[in-house]
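Peer 1: Sequence first, predicted coordinates after that:
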Amino acid sequence: MGDLQGHDFRGNQWTGGGGGPDVERRDVRDVMGLHLMDNAPWAQENVLRAIQAAGIPKNRDVVVERWTPNTQLAAYRPDWQGGQIAINASAEHWYSTDLAKAQGMLRAENIASSSRPEAPLVHELGHALHHDAVRGNPDWTYHGREYTAPSTLGDSRIREMISRAVSDYAGWSNDPREFVAEVFAGLHEGKTYPSEVMKLYKEFHGPRR
Ligand SMILES: [Zn+2]
């Protein structure tokens with residue numbers, strides 16, 4: 001699978017999350033740009049498994065590219081043919097030989113809302129489904145640009161509450177789109193949130209699976 005010595009996907013880090021029966025497994029040729037990781041087959045496997053475990057439907061455009069900063073693991077591009085999910089081949093995160101552990105650290109530091117190895121792609125899928133949900137809603141359009149939040153999250157008490165309950169990224173971004181994507185990723189993992197969080201999620205048209 002990988003060419004790292006002793007590399008193995010230990011335990012069951014990939015079981016138990018997402019990837020419904022309708023989500024077909026893609027291979028290297030199905031994901032444009034995955035050849036950028038040709039020197040790291042285990043990273044390609046990380047990406048392919050994450051796409052599947054996140055439950056990204058096969059008709060959803062997923063592409064691998066390189067960009068900076070390399071701390072950005074993936075991105076959602078609302079302007080690209082109905083919404084594209086891009087994965088950053090420059091991000092060291094994807095080259096981890098234990099992606100569950102790497103994601104677990106992001107969760108432990110409260111940067112991310114979920115410890116699932118597929119969480120970064122669930123976050124982007126959350127943006128994509130959220131964009132679908134608000135498409136055509138004039139409140140979510142600004143200067144002709146689609147998928148722009150109509151407001152910030154709220155005052156510092158609300159932002160701090162969200163940081164504690166969801167993740168620092170969800171709170172500090174002060175952006176309803178990031179809040180929605182982070183809650184979506186947490187729900188995918190099976191987390192439950194306080195009613196104040198879910199009320200906001202609903203108000204912001206957060207998607208349901
Ligand atoms: Zn985001």
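Peer 2: Alright, I've got the coordinates.

Peer 1: which outside residues touch stretch 87-107?
Peer 2: The contact list for stretch 87-107, computed with Cβ atoms under 8 Å, 6 or more residues apart in numbering, reads 2, 4, 7, 10-11, 13-14, 33, 36-37, 40, 42-43, 46-47, 50, 62-68, 70-75, 112-117, 119-121, 167. Bear in mind the C-beta positions are built from the backbone N, C-alpha and C, glycine included.

Peer 1: Relative to the whole chain's centre, how far out is stretch 152-167?
Peer 2: Its chain's C-alpha centre and that of stretch 152-167 lie 19 Å apart, by Cα atoms, centre = their mean, to the nearest Å.

Peer 1: what sits up against the host helix or strand of residue 183?
Peer 2: Assigned by DSSP states H and E, residue 183 belongs to helix 176-188. Residues outside helix 176-188 that contact it (Cβ under 8 Å, 6+ apart) are 17-18, 54-55, 76, 112-114, 116, 119, 122-127, 129-130, 147, 149-153, 162, 166-167, 169-171, 173, 193, 197, 200-201, 204-207, 209.

Peer 1: Quick check on these: which are buried?
Peer 2: 17-18, 54-55, 76, 112-114, 116, 119, 122-127, 129-130, 147, 149, 153, 162, 166-167, 169-171, 173, 193, 197, 200-201, 204-207 (16 or more other Cβ atoms under 10 Å).

Peer 1: which bits of the protein sit near the ion?
Peer 2: Along the chain, the residues adjacent to the ion under the rule Cβ under 5 Å from the ion are 178, 181.

Peer 1: Would you mind giving me the confidence score for the residue nearest to residue 163 when sequence neighbours are not counted?
Peer 2: Leaving aside its sequence neighbours, residue 163 sits nearest to residue 171 (Cβ to Cβ, 6 or more residues apart in numbering; 3.1 Å). Note for residue 171: predicted pLDDT of 98.

Peer 1: sec struct for residue 171, please.
Peer 2: helix (DSSP: H, G, I helix; E, B strand; the rest coil).

Peer 1: my guess is it meets residue 160, correct?
Peer 2: Yes - using Cβ atoms under 8 Å, residue 171 is in contact with residue 160, at 6.4 Å.

Peer 1: mean confidence for the one helix or strand residue 75 maps to?
Peer 2: Element membership for residue 75 (DSSP H and E) is strand 74-77. Averaged over strand 74-77, pLDDT sits at 97.

Peer 1: contact partners of it?
Peer 2: Counting by Cβ under 8 Å, 6+ apart, strand 74-77 makes contact with 67, 83-88, 91, 120-121, 123-124, 127-128, 131, 181, all of which sit outside it.
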